[in-house]
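[1] sequence and computational prediction follow.
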Amino acid sequence: MDVSTIMSVSSNGYLSSVTATEMLDGKIEQNFDSVLGAAMNMLNETNDLQNVAQSEKIRFALGEAENPHDMQIAETKALTALQYTVAVRDKMLEAYREIMNMQI
């Protein structure tokens, strides 16, 4: 399978293009509640992936896992989700600081 075509895809580019397209179409109706709900769902998903990775580590340590690749895949998914969550948190804090520094 040739994956060279997807190597240049990044989440930032994808998200910005999707957001720009939806903004042009007028389909976005976001308020603070929906943004906060999406962030909470992302936290829950990240937590679930961390738990799955931990259980795969335990299964591997006990010798129950037949394939070590399952553990590596679970760890990679959990790490990617955690990195994405931290990036979103940083952007939210940056936006909060910017709002707090605005002069009224």
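    Looks like it came in fine.

[2] from here on, contacts and neighbour counts on C-alpha atoms
    OK.

[3] now do the SS call for residue 35.
    Look at residue 35: counting by DSSP: H, G, I helix; E, B strand; the rest coil, its state is helix.

[4] what is the burial count for it?
    11 (other CA atoms under 10 Å).

[5] can you check the one 3 residues further on too?
    Summarising burial for residue 38: neighbours were counted as other CA under 10 Å, giving 12.

[6] host element of it?
    Assigned by DSSP states H and E, residue 38 belongs to helix 32-62.

[7] can you list the buried residues in that helix?
    Buried residues in helix 32-62, defined by neighbour count with 16 or more other CA atoms under 10 Å: 39, 42-43, 45-46, 49-50, 52-54, 56-57, 60.

[8] counting contacts, what elements does that helix pack onto?
    helix 68-100 (3 or more CA pairs under 8 Å, 6 or more residues apart in numbering; DSSP states H and E).

[9] quick one: the helix it packs on to chain centroid distance?
    Counting by CA atoms, centre = their mean, to the nearest Å, helix 68-100 is centred 5 Å from the centre of its parent chain.

[10] re earlier: would a markdown table of the buried residues of helix 32-62 with distance to residue 104 be doable?
    What follows is those, written out as a markdown table (distance: CA to CA, whole Å):
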| residue | distance to residue 104 |
| --- | --- |
| 39 | 28 |
| 42 | 33 |
| 43 | 33 |
| 45 | 38 |
| 46 | 37 |
| 49 | 42 |
| 50 | 42 |
| 52 | 47 |
| 53 | 47 |
| 54 | 48 |
| 56 | 52 |
| 57 | 52 |
| 60 | 57 |
